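Participant: Sequence and predicted structure are below.
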Amino acid sequence: MSPGNDAPAQATPRQPGQPDQPGQHVPGTDPVGGQAARMWDAGMGRREKGGGKGKGRGRKGDANAVVPEAEFSSYYGRAVLKPPVWTHEIAYYLFCGGVAAGTSMLAVVADARGDVEARRGLRVTSLAAVGASAYFLIADLGRPERFYNMLRVAKITSPMSVGTWILTAFGPLSGAAAVLEAAALLPERGLPGLARRVAPPLASAAGAGAAVTGPLLATYTAVLLADTAVPSWHEPFRELPFVFGGSALAAGAGAGLVLSPVAQSGPAARVAVIGAAAELVAAHRMESAHGVVSEPFHEGRPGKMLRAARALTVAGAVGAVVGRRSRLVSALAGAGLLTGSFLTRMAVFEAGVASTLDPKYVVRPQRERIAARETAGE
């Protein structure tokens with residue numbers, strides 16, 4: 001036996017980075033996967049078995065998830081969508097188109113009743129309104145030839161293309177009905193007298209054609225807005241046509257109350273109530289039935305304009321009924337209805353623009369739809 005066998009064994013010196021005790025972690029010396037192994041041992045990243053369909057990626061509120069539930073934030077707070085390139089000329093275009101459509105429909109009623117003064121005023125107003133509508137549309141397009149270029153094709157799936165053709169059909173019919181009203185100024189004899197006798201039936205036919213296309217003119221703009229990705233225009237796609245259609249009727253009735261004598265304002269007063277009711281009911285649902293996307297209709301300038309529009313529309317409808325025997329009250333009620341219709345269109349336009357500036361109006365509805373689909377699939 002060698003002498004060294006009886007000596008106590010000497011401890012092997014600890015190498016740098018070696019733990020003092022088994023299982024002890026020394027920072028900076030983990031092998032590949034060591035951190036992940038300790039996370040697994042601690043229970044992090046484990047999933048409950050039998051999670052069901054769609055739960056393999058982790059569930060909302062899972063405390064064991066490696067990656068926590070993400071909170072919404074956009075890239076440096078920037079908007080997800082670009083604001084519409086349309087200017088306020090489009091809002092004016094929407095309003096003028098509604099006035100033209102509403103007055104053309106009411107003019108047919110006045111023609112059937114033989115209310116000459118009311119019919120004449122409504123037809124002239126319809127022509128002026130559709131002319132202004134075309135002007136604002138072309139002004140927004142930038143160059144007049146762009147409107148002509150849109151007429152080179154007819155695409156039924158494009159609201160802009162369909163609307164261009166509706167406006168093109170409505171304008172000449174409304175213009176013919178209004179221009180033929182001047183035949184009453186012609187002499188009663190000779191060729192002018194013949195033209196004077198032929199003009200009324202032709203004007204009636206043109207006015208009827210304008211009245212048929214009037215509802216399309218009043219509501220296609222709602223489809224045009226809803227067909228975009230703008231949240232506060234796209235989500236209330238069911239309500240917007242009724243908002244715009246009711247607003248057009250209210251505006252047309254307002255013009256009739258302003259222009260017609262008291263004895264001929266009865267139809268305008270009744271249409272004012274119908275249009276105001278349709279607009280208010282549809283607008284209320286538009287403002288309240290779409291969750292976070294309805295917020296822009298309550299806040300800022302759009303909210304103020306919609307509240308003012310609601311008050312003016314209600315006051316105008318009440319004044320139309322109560323003041324049927326007063327020329328002044330009828331005219332004030334008509335002015336209130338026209339102003340309320342204008343503010344409604346402006347509020348809808350600005351609310352849509354505002355909804356593109358905050359990312360939550362884009363992302364949150366998408367998440368809600370995804371969650372609803374996943375819930376329905378369970």
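Facilitator: Thanks, I have it.
Participant: I'd like to check which residues are in contact with Ala118.
Facilitator: Counting by C-beta atoms under 8 Å, 6 or more residues apart in numbering, Ala118 makes contact with 107, 110, 256, 259-261, 264-265, 267-268. (Each C-beta comes from the backbone N, C-alpha and C, glycine too.)
Participant: Those in helices, which ones?
Facilitator: Applying DSSP state H to the contacts of Ala118, the entries found in helices are 107, 110, 256, 259, 267-268.
Participant: From the contacts of Ala118, keep the buried residues only.
Facilitator: Taking 16 or more other C-beta atoms under 10 Å as the criterion, what is buried in the contacts of Ala118 is 107, 110, 256, 259-260, 264-265, 267-268.
Participant: Take the residues you listed and lay them out in TSV including distance to Leu343 and pLDDT.
Facilitator: Conversion of these to TSV gives the following (distance: C-beta to C-beta, whole Å; pLDDT from 0 to 100):
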residue	distance to Leu343	pLDDT
Ala107	24	96
Ala110	27	95
Gly256	19	95
Leu259	21	93
Ser260	23	92
Gln264	27	93
Ser265	23	91
Pro267	25	94
Ala268	20	95
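Participant: can you put these in JSON lines and add distance to Ala222?
Facilitator: Listed next are those as JSON lines, based on distance: C-beta to C-beta, whole Å:
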{"residue": "Ala107", "distance to Ala222": "23"}
{"residue": "Ala110", "distance to Ala222": "26"}
{"residue": "Gly256", "distance to Ala222": "23"}
{"residue": "Leu259", "distance to Ala222": "26"}
{"residue": "Ser260", "distance to Ala222": "28"}
{"residue": "Gln264", "distance to Ala222": "31"}
{"residue": "Ser265", "distance to Ala222": "28"}
{"residue": "Pro267", "distance to Ala222": "25"}
{"residue": "Ala268", "distance to Ala222": "23"}
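Participant: Spell out the secondary structure type for the nearest residue to Ser161 once chain neighbours are set aside.
Facilitator: The shortest distance from Ser161 to any non-neighbouring residue, by C-beta to C-beta, 6 or more residues apart in numbering, is to Lys155 (4.2 Å). Secondary structure assignment for Lys155 (DSSP: H, G, I helix; E, B strand; the rest coil): coil.
Participant: count of residues packed around Lys155?
Facilitator: 12 (other C-beta atoms under 10 Å).
Participant: What score does it have for pLDDT?
Facilitator: Predicted confidence (pLDDT) for Lys155: 80.
Participant: Leu151: how many residues sit nearby?
Facilitator: Using other C-beta under 10 Å, Leu151 has 11 neighbouring residues.
Participant: now, the most widely separated pair of the ones in helices among the contacts of Ala118?
Facilitator: The largest separation in those, counting by C-beta to C-beta, is between Leu259 and Pro267 at 12.5 Å.
Participant: coming back round to it: need the ones in helices among the contacts of Ala118 in JSON lines with distance to Ser232, can you?
Facilitator: Output for the ones in helices among the contacts of Ala118, formatted as JSON lines (distance: C-beta to C-beta, whole Å):
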{"residue": "Ala107", "distance to Ser232": "34"}
{"residue": "Ala110", "distance to Ser232": "37"}
{"residue": "Gly256", "distance to Ser232": "31"}
{"residue": "Leu259", "distance to Ser232": "34"}
{"residue": "Pro267", "distance to Ser232": "35"}
{"residue": "Ala268", "distance to Ser232": "32"}
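Participant: which one of those sits closest to Leu224?
Facilitator: Comparing the ones in helices among the contacts of Ala118 against Leu224 with C-beta to C-beta places Ala107 closest, at 25.1 Å.
Participant: if I look at the closest one, how far off is Gly209?
Facilitator: For Ala107, the distance to Gly209 equals 12 Å [C-beta to C-beta, to the nearest Å].
Participant: what touches both of those two?
Facilitator: Common neighbours of Ala107 and Gly209, counting by C-beta under 8 Å, 6+ apart, are absent.
Participant: hey, which helix is longest across the protein?
Facilitator: For the chain, the longest helix by residue count, based on DSSP H, is helix 190-226.
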